[in-house]
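**Q** Provided below for reference: sequence and predicted model.
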Amino acid sequence: MKVIGIIAEYNPFHLGHKYQIDKIKELYKDSIIICLCSSTFTQRGEVSIINKWDKAKIALDNNIDLFIEFPFCYATQSADIFAKGAIDILNKLKIDILVFGTESIEADDLIKLANIEINNKEFNNIVKNYLNKGINYPTALNNALKDIANINISKPNDLLGLSYVKEIIKNNYNITPITIKRIDNYHNSKVINNIASASYIRNRLYHNLDIKKYIPNYDVNYIKNININYFYNYLKYNIISNINNLDKFLDVDEGIENRIKKYINKSNNWEELVMNIKTKRYTYNRINRMLLHILTSFTKEENNNIKIDYIKVLGFNNKGQSHLNKIKKDIKIITNYKPNISLLLDIEYRITNIYSLILNNDLILDEIRHKPIIKENTK
């Protein structure tokens, strides 16, 4: 029986996600699917519009066998750090195959490009030359790889897939990467057979338009009509409170704190602040992550001291439970929050507290009292 790993945000879970899971079931009929999923905030610095427990319910109802929390400290970082944490966790969970969506590139080309990044002595110099011209890192990376291999890799999920493959190769993990072509694109406004990108669905939600035909048959009330602007006053408070030492927070570097200081009182919301401090060198995603780390007081010192020293299980069916029983002697599995057993877990608890400020519910209490969701009688 193959053990398949997927990495997700489910923000929200939509028909494209269901398509991916159905495709895996088609390719690997006798398999266990493990989903590692972001909980409160996402890699592009956005807020999750479904809480992690409801994500677990939805995923289990759509043929996921084991649902694992992806810690904030890795889930909200650049592609390489995001991938480092994700692949480490999935390797600890003993997956055989990593399946991920890409816009335009196949696994063989990703392996080729990953080996260039790891082994080609000229690669880093070429990237630095592009960075010195004021180009942001993703574009510099693409330009360097295009110069060496004549392969264009600029789409966000292609780049993320490259980071996954690099981690597998660098660590010599016994994991086979498999790509499934995405029907949607992250930024795509097109809809094909009711498969739309998560950003398209969130935009419809923001404008109070119906989204039911773009999601599988689950309770639409799981989805909350919130966005990152809801956290702006909390962000502004933390910036003003730390106005003279903003550079202690993760991703605040290279003097950009001066632009934050300049525009924090001239901006009316989070998105406006991002637009005001944006420069050619910084992508929108990088700025959003930086502001998210200020909001949550996630510091460089904390980041230097975290390590993946537990696996938090949010839900499983009988197949998922059987797999956990086989591997539990090799990893530390937890199901709820207990203080002072892991810096990574303590930070996760803090983040959920901040997330709960907007949702105004019992999520923070659930960190302590909620047991994993169990889906019975799965074939």
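**A** That came through, no problem.
**Q** only C-alpha atoms from now on, for both contacts and neighbour counts.
**A** Noted.
**Q** low-confidence ranges in this structure?
**A** Low-confidence segments of the chain, defined by pLDDT under 70: 183-190, 377-379.
**Q** touching, residue 137 and residue 131? I think so.
**A** Yes. Between residue 137 and residue 131 there is a contact under CA atoms under 8 Å: 6.6 Å.
**Q** CA atoms of the one helix or strand residue 366 maps to as PDB?
**A** Residue 366 belongs to helix 363-369 when elements are defined using DSSP states H and E. Taking Å, rounded to 0.1, in the frame of the first residue of the first chain, the C-alpha atoms of helix 363-369 are listed here in PDB:
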ATOM      1  CA  LEU A 363     -10.800  28.000  18.900                       C
ATOM      2  CA  ILE A 364      -8.200  28.800  21.500                       C
ATOM      3  CA  LEU A 365     -10.000  26.500  24.000                       C
ATOM      4  CA  ASP A 366     -10.100  23.800  21.300                       C
ATOM      5  CA  GLU A 367      -6.300  23.900  21.300                       C
ATOM      6  CA  ILE A 368      -6.500  22.200  24.700                       C
ATOM      7  CA  ARG A 369      -9.700  20.300  24.700                       C
END
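**Q** same question for it: list its buried residues.
**A** Residues 363, 364, 367 are the ones in helix 363-369 that count as buried (16 or more other CA atoms under 10 Å).
**Q** distance check, the residue lying closest to residue 134 once chain neighbours are set aside against residue 210.
**A** Nearest residue to residue 134, sequence neighbours excluded (CA to CA, 6 or more residues apart in numbering): residue 281, at 5.4 Å. Separation of residue 281 from residue 210 (CA to CA, to the nearest Å): 37 Å.
**Q** who has more neighbours, those two?
**A** residue 281 (15 against 10; other CA atoms under 10 Å).
**Q** next up, phi/psi of that one, please.
**A** Dihedral pair for residue 281: phi -80, psi -20, per degrees, to the nearest 10.
**Q** ok, it touching residue 139?
**A** No. Judged on CA under 8 Å, residue 281 makes no contact with residue 139 at a distance of 9.9 Å.
**Q** where along the chain do the strands fall?
**A** 2-8, 31-38, 66-70, 97-102, 176-181, 311-317, 333-334, 373-375 (DSSP state E).
**Q** so what are the sheet partners of the second one and their directions?
**A** Looking at strand 31-38 with DSSP bridges, its partner strands are strand 2-8 (parallel), strand 66-70 (parallel).
**Q** now it against strand 97-102, angle please.
**A** 60 degrees (axes from the mean of the first three to the mean of the last three CA atoms, to 10 degrees).
**Q** how far does strand 31-38 sit from its chain's centre?
**A** Remark: strand 31-38 is offset 13 Å from the chain centroid, using CA atoms, centre = their mean, to the nearest Å.
**Q** just the buried residues of it, please?
**A** 32, 33, 34, 35, 36, 37, 38.
**Q** relative to residue 99, how far out is the second one?
**A** Put plainly, it is residue 33. Taking CA to CA as the measure, residue 33 falls 10 Å from residue 99.
**Q** shared neighbours, the two?
**A** With contacts defined as CA atoms under 8 Å, 6 or more residues apart in numbering, the residues shared by residue 33 and residue 99 are 4, 5, 6.
**Q** you'd agree residue 309 is up against residue 334?
**A** No. At 10.3 Å, residue 309 does not count as touching residue 334 under the criterion of CA under 8 Å.
**Q** so who does residue 335 touch?
**A** Residue 335 neighbours (CA under 8 Å, 6+ apart): 312, 313, 314, 370, 371, 372.
**Q** convert the helix ranked longest in the chain to CSV, retaining C-alpha atoms only.
**A** Secondary structure of the chain per DSSP state H: the longest helix is helix 343-359. Extracted C-alpha coordinates of helix 343-359, given in CSV (Å, rounded to 0.1, in the frame of the first residue of the first chain):
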residue,chain,number,x,y,z
LEU,A,343,8.8,26.1,21.3
LEU,A,344,7.1,25.4,18.0
LEU,A,345,3.9,24.3,19.7
ASP,A,346,3.9,27.3,22.1
ILE,A,347,4.1,29.7,19.2
GLU,A,348,1.3,27.8,17.4
TYR,A,349,-0.9,28.4,20.5
ARG,A,350,-0.1,32.1,20.5
ILE,A,351,-0.9,32.3,16.8
THR,A,352,-4.3,30.6,17.3
ASN,A,353,-5.0,33.1,20.1
ILE,A,354,-4.4,36.0,17.6
TYR,A,355,-6.5,34.3,14.9
SER,A,356,-9.3,33.8,17.5
LEU,A,357,-9.4,37.6,18.1
ILE,A,358,-11.2,38.0,14.8
LEU,A,359,-13.3,34.8,14.6
